[in-house]
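# Provide a 3D model corresponding to the input given below.
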Amino acid sequence: EQGGLVVAWTSPPTALGQTVAYLGLPFGWHGDPLPVTRGIGMGVLAILLVWLWFRARHREPLWHAALALTATVALAPLFHPWYWTWPLAVLAATSRQRINWFAAITVVSAFLVLPDGTGLPRYTKTVGAPLMTLLVIVVAVRLVRSARATRQPVAATVGTD
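Below you'll find the predicted structure:
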């Protein structure tokens, strides 16, 4: 397959596009949202990489490099399951946090490749894309809540002066 023809729900931006297309079908919409969702993914990746670069300048550059590689794999428009092994190697070199959760993702992803070399995601699009979209929503909500939780104590102490 050529790069532009690979459509696998294992790429979160691609899964979002597939899900939007599936949701539009009952309403008679037959558009192709993939270029838009993939473009948004690349824009988010660019912003995230700049943010991580600024943070890495002052503390834990290897950890931030691992996060940058993880974000690059996760937000890439094209994805093959073995791509998760790349950030796993860098994450393993850091001592900042336990990476058991990421190792589990990598192992599960390895089983998405069938013995003949084809990918299981090719045959599970209608189920996989909405599930990946749900996972993206859950992760985004958790990240927003986590960011708000870390900022609230700072805001509370500012008001007490």
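
# for the helix or strand harbouring T150, list every residue counted as buried.
If you go by DSSP states H and E, T150 is part of helix 125-158. By 16 or more other CB atoms under 10 Å, the buried positions in helix 125-158 come out as K125, G128, A129, P130, M132, T133, V136. C-betas here are computed from N, CA, C, even on glycine.

# please name the nearest non-neighbouring residue to the fifth one.
Spelled out, that is M132. Distances taken as CB to CB, 6 or more residues apart in numbering put A15 closest to M132, at 3.6 Å, once the chain neighbours are dropped.

# helix/strand/coil for the one you found?
Following DSSP: H, G, I helix; E, B strand; the rest coil, A15 is assigned to helix.

# which secondary element of this protein has the worst mean pLDDT?
Sorting the helices and strands of the chain by mean pLDDT, DSSP states H and E puts helix 100-110 at the bottom, at a mean of 75.

# and that one, which residues are buried?
F102, I105, T106, S109.

# with those in mind, which one is nearest to A140?
A140 lies nearest to I105 out of the buried residues of helix 100-110, by CB to CB, at 16.7 Å.

# now do the same contact list for that closest one.
By CB atoms under 8 Å, 6 or more residues apart in numbering, the contact set of I105 is W84.

# what about it, distance to V50?
Using CB to CB, to the nearest Å, one obtains 25 Å as the distance from I105 to V50.

# where are the low-confidence patches of the protein?
Scanning the chain for pLDDT under 70 picks out the ranges 1-6, 95-98, 117, 152-161.

# at 80 instead, please
In the prediction, the chain carries residues with pLDDT under 80 at positions 1-6, 79-82, 92, 94-123, 143, 147, 150-161.
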